[in-house]
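*Asks:* what's the 3D shape of this:
(chains A and B)
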Amino acid sequence: MGRSTRVTNEIRALRFRSGEMTQAELAKKVGVSRQTIIAIEQGRYSPTLEMAFQIAKAFDVPLEDVFHYSDVDTDAR
Amino acid sequence: MTMQQRAVWASLVAFIAVGVVYATVMIPRTVGHTPDEISWVLPMAISMGAIIVTIILGAIASAIGHGIAATYRGEEPEFDEGDERDRQIELVGNAKGMSLASFGSLGAIILAMNDADPFWIAQLLFAVGLVGGIVGAVAKLRAYSRGL
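*Replies:* Numbering: from 1, shown residues only, chains lettered A, B, ... in the order given. The predicted structure follows:
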């Protein structure tokens, strides 16, 4: 299992709520590779603040509806 | 796998393959000979050129292979230019490789201070360059698969 970040997200749920948007479609909207979207979804990569805002904008929701910060280290679970 | 990730794989293969071939050629030449009797300049120059050519050809071949495989699967090939994550991984991997290479440079200075033959200084710098390249590539691939 990979190294997880403390930043969790709702991207997968938001994609399905947005007409089952694919990872490739989201990647195109945000301007990153599909692999980067996969890494963010799986918690293997914390996006920059600008990328996080772009992802929230792609779903037309506020940033806090997409990303959450956990006080508990996810690796320790 | 992004284009950048495929290029890192190509560089890892190039560093390992060239390192093995160079060692296979040079080690028998050093046995029972003094440094000034060993012909090393041309093999090292060829090895450095081979690394560059192998990385370029490897990246091109992997991109072509990806395109053919994606088309065969009925998917659209991804030929991205790299994004923030790729750049961060590149920086992290290069920093790890360079930190190792800097120790090699220190070793070369120490050898020069002790009037070592240029043969040994060149071998040390070439070896740490290869190992640094391998360490950097492994660090990048680890970051791609496990996260930064």
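*Asks:* could you point out which element follows whichever helix in chain B runs longest?
*Replies:* For chain B, the helix reaching the highest residue count under DSSP state H is reported as helix B:41-72. Moving toward the C-terminus from helix B:41-72, the next helix or strand (DSSP states H and E) is helix B:84-113.
*Asks:* buried residues in that next one, which are they?
*Replies:* Residues B:84-86, B:89-90, B:92-93, B:96-97, B:100-101, B:104, B:107-108, B:111 are the ones in helix B:84-113 that count as buried (16 or more other C-beta atoms under 10 Å in any protein chain shown). Just so you know, the C-beta spots here come from the backbone N, C-alpha and C atoms, and that holds for glycine as well.
*Asks:* from the residues you listed, which is closest to B:Thr54?
*Replies:* Distance to B:Thr54, by C-beta to C-beta, is smallest for B:Gly97 among these, at 17.0 Å.
*Asks:* tell me the contacts of that closest one?
*Replies:* The neighbours of B:Gly97, taking C-beta atoms under 8 Å, 6 or more residues apart in numbering or on different chains as the test, are B:132-133, B:135-137, B:139.
*Asks:* go with 7 Å
*Replies:* Contacts for B:Gly97 (C-beta atoms under 7 Å, 6 or more residues apart in numbering or on different chains) come out as B:132-133, B:135-136.
*Asks:* again with B:Gln4
*Replies:* By C-beta under 7 Å, 6+ apart, B:Gln4 lies in contact with B:82, B:86.
*Asks:* now the host helix or strand of it against helix B:41-72, angle please.
*Replies:* For B:Gln4, the element it lies in under DSSP H and E is helix B:3-30. Angle, helix B:3-30 to helix B:41-72, by axes from the mean of the first three to the mean of the last three C-alpha atoms, to 10 degrees: 150 degrees.
*Asks:* got the angle for helix B:3-30 vs helix B:84-113?
*Replies:* Per the same axes, to 10 degrees, the angle that helix B:3-30 makes with helix B:84-113 is 20 degrees.
*Asks:* for helix B:3-30, buried residues please.
*Replies:* Buried residues in helix B:3-30, counted by 16+ other C-beta under 10 Å: B:3-12, B:14-15, B:18-19, B:22, B:26.
*Asks:* what of stretch B:57-77?
*Replies:* By neighbour count with 16+ other C-beta under 10 Å, stretch B:57-77 contains the buried residues B:58-59, B:62-63, B:66.
*Asks:* what's the closest non-adjacent residue to the residue in chain B positioned nearest to chain A?
*Replies:* Residue nearest to chain A within chain B (C-beta to the nearest C-beta): B:Gly147, separated by 3.4 Å. In space, and not counting its chain neighbours, B:Gly147 is closest to A:Arg44: 3.4 Å by C-beta to C-beta, 6 or more residues apart in numbering or on different chains.
*Asks:* and that neighbour, which of the three is it?
*Replies:* What DSSP: H, G, I helix; E, B strand; the rest coil gives for A:Arg44 is coil.
*Asks:* no further queries at this time; thank you.
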